[in-house]
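Peer 1: Next come a sequence and a model predicted from it.
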Amino acid sequence: MNNLIGLLVAAPLLGAAVLLTGGRRLDRVGHWIGTALAAASFVVGAVLFAELLGRDGDDRTMIQHLYSWVPVGGFQADVAFRLDQLSIVFVLLITGVGTLIHLYSVGYMEHDERRRRFFGYLNLFLAAMLLLVLADNYLLLYFGWEGVGLASYLLIGFWQHKPSAATAAKKAFLVNRVGDMGLAIGIFLMFTTFGTFAFGPVLGGAEAASEGTLTAISLMLLLAACGKSAQVPLQSWLGDAMEGPTPVSALIHAATMVTAGVYLIVRSGAIFNGAPDAQTVVAVVGAVTLLFGAIVGCAKDDIKKALAGSTMSQIGYMVMAAGLGPVGYAFAIMHLVTHGFFKAGLFLGAGSVMHGMNDEVDMRRYGGLRKLMPVTFATFGLGYLAIIGFPGLSGFWSKDRIIEAAFAKGGTEGWILGAVALLGAGITAFYMTRVMLMTFFGEKRWDPAEVHPHESPRTMTVPMVVLAFGSVFAGGLFSLNSSFVNWLEPVTSYEHGHPPVSAAVVTGATVVVLLVGVALAWAAYGRRPVPVTAPRGSLLTRAARRDLLQDDFNHAVLVKPGEYLTRGLVYLDHTVVDGAVNGTAAAVGGLSGRMRRLQNGYVRSYAVSMFGGTAVLVAATLLMRAV
Amino acid sequence: MSFPLLTATALVPAVGAVATAAVPAARRTAAKWLALAFSLATLVLAGAVLARFDPGGDRYQLTESHAWISSFGVRYELGVDGIGAVMVALTALLVPFVMLAGWHDADPLEEPEPNRRWRPTQGFFALVLLVEAMVVISFEATDVFLFYVFFEAMLIPMYFLIGGFGDRAGERGEDEAAKQRSYAAVKFLLYNLAGGLVMLAAVVGLYAVTAGQLGEGTFSLARIAEARAAGDLAFDPTVEKLLFLGFFLAFAVKAPLWPLHTWLPNAMGESTAPVAVLITAVVDKVGTFAMLRFCLQLFPGASEWATPVVLVLAVVSILYGALLAVGQRDIKRLIAYASVSHFGFIVLGIFAMTSQGQTGATLYMVNHGISTAALMLVAGFLISRRGSRLIADFGGVQKVAPVLAGTFLIGGLATLSLPGLAPFVSEFLVLVGTFSRYPVLGIVATFGIVLAALYVLVLYQRTMTGPVRDGVRGMPDLRARELAVVAPLIALLLFLGVFPRPVTDIVDPAVRQTLSDVHKTDPKPDLTEAAK
């Protein structure tokens, strides 16, 4: 059974290889090959899940050791997979949502002449992402980590002829590389501390290491997580990443890849548990991003960018929960999975709307679409209710537990984190209601002569319906008898948190805040017509439209000085370094004078200097012998 | 006496050079095939060297030893350790690709008069084979003087390859291009000659020391090691430092290390892409290889003494080269500065004095050779299509030539050390090996991976993406010959990325030997028990 694990990765990898090298003769079937292999991976995942279900809680770790990858001295990196309660959750999410989005893309990318290549990249992404969550050591995880970065780069820039897409792809890769540096240094530290970076000995032996070391490793891993999961201060790439085709936004930049940072932190829980200061930093980063993303989400008129802000914010919740330690790990993952359902669904819905609206993304040019696109409306609506945490739906269960856990942190910290989480829930309700109202309600703000909104084909709506089911029921199912928490407990460990006020009060407060958010959005966008051109807005609105000036900041602090530096160095290299070496040479041997002569009759001069050199050699050796 | 395999690996390309040069002017194509055949024969012999080499055996294997200039104690001594064997194989592997990529680079622009003796095509291929022969013997020589002779002699064919052959002149005009080429060639020659002269003094000094202490002078590594172990030979620390500096300077020019690197961008920029590959992927490797073999082995004390300075220079090279690459407007100069950065990594790994660092550095030499060859040769195909090296003259290539763009991207991704491609393994080993002894330097060097992403992706974005530019429209995709050059290189990059052991298994014992020469062991992890 253990040997099946490798198949999970192998199937989509095969797909990528075949589709990317197969040439045009595969154009007509390529998308089905890609979808079938994604589905095959899902089936293998389901079989393995059934196998794990049949085992005892302590016996649910399966290891497949393939071969020794880099063995050099004490440095031993293997290609080995670990399937346990945590990784199987990701395997099912990645392959499940992945297969649905492959299916959706069959319709969505129908008219793109490079559809085969698109599916090749999607399969490549699946393989890398599965490698990331199945790796049994940090170096192999790093392989998957940069692999998904590559897939993300290729897919954001899929429409490379658009300069904006090419720029966004490059930006995503670069910002992520900064995070990758953190992961690399984290691995260096593990190697110098433990002599290994395999999960077993590192996580098992973490308690023996000093708190300082663990804090350093934790902060490096956090840096990596910030890059991949678009957390402040490495958040700036995610909004631009929406240049990619919408299925990509749904799969990579909402449901799976961007949550890899949460996986990394939860997987490394044993390290973080020994570094309370680092955990506080994690929670604060999550809390700041939670608000940052939510505020940006309120101001965007581009439907995908509004959803991207929301993704940042929701991952902020997960990261904050992961920063709470064993109280929050399981809930971070639970929110990650429910978010995977409803956010993927919302993005697919947005894609469906764009599909029917000639690729228009400006919500100010939508309006009144609910009758024209009933399936999209219904599925998007359910996703909407789930994300705002409407009682009973998936998001309610997972988000509410995170808010409780934040309060349970205790002390002033607990109150602050809890309050931020609560406030975030209100803002979420506001911006999502705004999206909903601007898109599906109100009057039509588009020209019926030019656009003809219509429902999308079956290949697109079926995945949306399936995801809507997940959005509605998954959270409740997971919470039944705390089954999800119990499942993860052997890997992530679990402590029940005790909020300073009763859980019922927290839940009640959450619902009130949620209703206030909805009401405010209704007052602003439901009761009044939405202007087609955006009003100037307050200072905060304008800043939020510019992503709270993140790019202006990076430009001023990093890009501009960097440009001056490189330009200065290019100049220096030509004048000073080159000049100094030439000058020294001239001073020592009068070479520069000879240089001019060399350029005229260089062959002869070269012969002379060779001869001269030999003569010096002979003379010197004779001299030495004489001495 | 057994078959002198090592001599054969150098002799076959040398004979090939003479044979190719002798082909009559009109039989250009025959000369090319002849040269290619000789390079493939060399590759077979190099494969035999690898196959016969036993990683668990003696340090130097397949040794040959003959008296040469007995009055100066110079011997013709050859032998390879794991590092040398791998470098010979790399050289033999790359040369056929260089030839195939430069198949038409030396074709005369117009058919020459029948009886003219000027035969540029024959000359080009003969020179490439000559370089190969000299580089191979440099990797095999275990006599310092023998090494020195070929280390210097290879400058001559390289000089003519750089100065004699160039890209289509484009807008600059033929005269200006020729002027730039000759400037680059002379600069290459003078820098390396200057380094070589300093080394010559050190070689003579080495002779003086051995002659003084052993009664008769010797250049033989084996003899010196023997005398050292027996206690007959001991360097005065000051003398050792001076000799080390003499050797190191020559190798640092060739490697090239900051601030002695400025000849490289000129040389790589002005020469044709295949020659640029020959410079950076083959010839320059002799420099870093020689640091491992001669500096560390002959002068362990002085190597340790110099380590702090060398490490700082290496880290400066990494960051400086990368930043300069970011600022380039010329594709080939950009790749040249990227190489400066990569040579920084190699030197860093060598002088970190850990098994990860040095195995990583050796693997890096191999991987850098393959990845730079892939990137530079595709860049050459691109440049020849447009007649310009300027990044700004391109744009939207992926739309018209997707295969070319795709291979260029893979070459670029290898250059930025993406996991899954070979250079990642070596770069990570160098960094982890450095970090385990010098954490701060390790972290500073790690910034290089961000800068590498920057210069590679900016290059790709500006040349390949965006709307199709005027001069790019109608550009043909890779031809069969070009694909035959690139595809095997990419396959190798992928293979060594997921399975580097064929190289590391051979290199590892040699590295351990070198480390014991300098009396170094790997730092122990902080928690040795917890790891078990």
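Peer 2: Great, that's in hand. Numbers count the residues shown, from 1 in each chain, chains lettered A, B, ... in the order given.
Peer 1: what sits against residue B:294?
Peer 2: When contacts are counted by Cβ atoms under 8 Å, 6 or more residues apart in numbering or on different chains, residue B:294 is found next to B:144, B:147, B:247, B:251. Every residue, glycine included, has its C-beta placed from N, CA and C.
Peer 1: Could you dump the residues you listed into JSON lines with neighbour count, secondary structure and distance to chain A added?
Peer 2: Output for those, formatted as JSON lines (neighbours: other Cβ atoms under 10 Å in any protein chain shown; DSSP: H, G, I helix; E, B strand; the rest coil; distance: Cβ to the nearest Cβ, whole Å):
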{"residue": "B:144", "neighbour count": "28", "secondary structure": "helix", "distance to chain A": "13"}
{"residue": "B:147", "neighbour count": "24", "secondary structure": "helix", "distance to chain A": "14"}
{"residue": "B:247", "neighbour count": "25", "secondary structure": "helix", "distance to chain A": "15"}
{"residue": "B:251", "neighbour count": "25", "secondary structure": "helix", "distance to chain A": "16"}
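Peer 1: which of those residues sit farthest apart?
Peer 2: Across the contacts of residue B:294, the longest distance by Cβ to Cβ is 12.7 Å; it joins B:144 and B:251.
Peer 1: what separates the residue of the stretch 201-350 of chain B at minimum distance from chain A from residue B:180, distance-wise?
Peer 2: Distances between the stretch 201-350 of chain B and chain A by Cβ to the nearest Cβ are smallest at residue B:327, namely 3.8 Å. Note on residue B:327: its distance to residue B:180, by Cβ to Cβ, to the nearest Å, is 19 Å.
Peer 1: repeat for residue A:464
Peer 2: Using Cβ to Cβ, one obtains 61 Å as the distance from residue A:464 to residue B:180.
Peer 1: With residue B:295 instead?
Peer 2: Counting by Cβ to Cβ - residue B:295 and residue B:180 are separated by 34 Å.
Peer 1: Have a look at these two and say which one is more surrounded.
Peer 2: Neighbours per residue (other Cβ atoms under 10 Å in any protein chain shown) separate residue B:295 from residue B:180, with residue B:295 holding more: 24 against 16.
Peer 1: Surely the more buried one touches residue B:248?
Peer 2: Yes - the pair residue B:295 / residue B:248 is scored as a contact, 5.5 Å apart, by Cβ atoms under 8 Å.
Peer 1: need the strands for chain A, in chain order.
Peer 2: For chain A, the strands defined by DSSP state E cover A:62-72, A:75-83.
Peer 1: residues near the nearest residue to residue A:257 once chain neighbours are set aside, how many?
Peer 2: Spatially, and ignoring its direct neighbours in sequence, residue A:257 is nearest to residue A:148 (4.8 Å; Cβ to Cβ, 6 or more residues apart in numbering or on different chains). If you count neighbours by other Cβ under 10 Å, residue A:148 ends up with 25.
Peer 1: Write out the residues of the stretch 201-350 of chain B neighbouring chain A.
Peer 2: Proximity of the stretch 201-350 of chain B to chain A is confined to B:201, B:203-204, B:207-208, B:211, B:217, B:258-260, B:262, B:320, B:323-324, B:326-328 under the rule Cβ under 8 Å from any Cβ of the partner chain.
Peer 1: May I have stretch B:282-302 as CSV, with CA atoms only?
Peer 2: Below are the C-alpha coordinates for stretch B:282-302, written out as CSV (Å, rounded to 0.1, in the frame of the first residue of the first chain):
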residue,chain,number,x,y,z
VAL,B,282,35.5,24.7,-20.0
VAL,B,283,38.6,26.8,-19.8
ASP,B,284,37.6,28.8,-16.7
LYS,B,285,36.9,25.6,-14.8
VAL,B,286,40.7,24.9,-14.9
GLY,B,287,41.0,27.9,-12.5
THR,B,288,38.7,26.6,-9.9
PHE,B,289,39.8,23.0,-10.4
ALA,B,290,43.4,24.1,-9.9
MET,B,291,42.5,25.9,-6.6
LEU,B,292,41.3,22.5,-5.3
ARG,B,293,44.2,20.5,-6.6
PHE,B,294,47.2,22.8,-6.3
CYS,B,295,46.5,25.5,-3.8
LEU,B,296,44.9,23.3,-1.2
GLN,B,297,47.1,20.3,-1.7
LEU,B,298,50.4,22.0,-2.0
PHE,B,299,49.9,24.9,0.5
PRO,B,300,47.4,23.8,3.1
GLY,B,301,48.7,26.2,5.8
ALA,B,302,48.7,29.2,3.5
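Peer 1: what sits against the residue nearest to residue B:87 when sequence neighbours are not counted?
Peer 2: Nearest non-adjacent residue to residue B:87, counting by Cβ to Cβ, 6+ apart: residue B:139, 4.6 Å away. Going by Cβ under 8 Å, 6+ apart, residue B:139 touches B:80, B:84, B:87, B:88, B:91, B:286, B:289.
Peer 1: Isn't the fifth one up against residue B:284?
Peer 2: No - contact status for residue B:91 versus residue B:284: not in contact, 11.7 Å apart, counting by Cβ under 8 Å.
Peer 1: And the residue nearest the centre of chain A, what's its pLDDT?
Peer 2: Chain A has residue A:258 as the residue nearest its centroid, 1.9 Å off, counting by Cα atoms, centre = their mean. Per-residue pLDDT puts residue A:258 at 95.
Peer 1: count of neighbours near the nearest residue to it once chain neighbours are set aside?
Peer 2: Spatial nearest neighbour of residue A:258, excluding adjacent residues (Cβ to Cβ, 6+ apart): residue A:229 at 5.2 Å. By other Cβ under 10 Å, 29 other residues sit near residue A:229.
Peer 1: OK, contacts around residue A:229?
Peer 2: By Cβ under 8 Å, 6+ apart, the contact set of residue A:229 is A:258, A:259, A:260, A:261, A:262, A:315, A:318, A:319.
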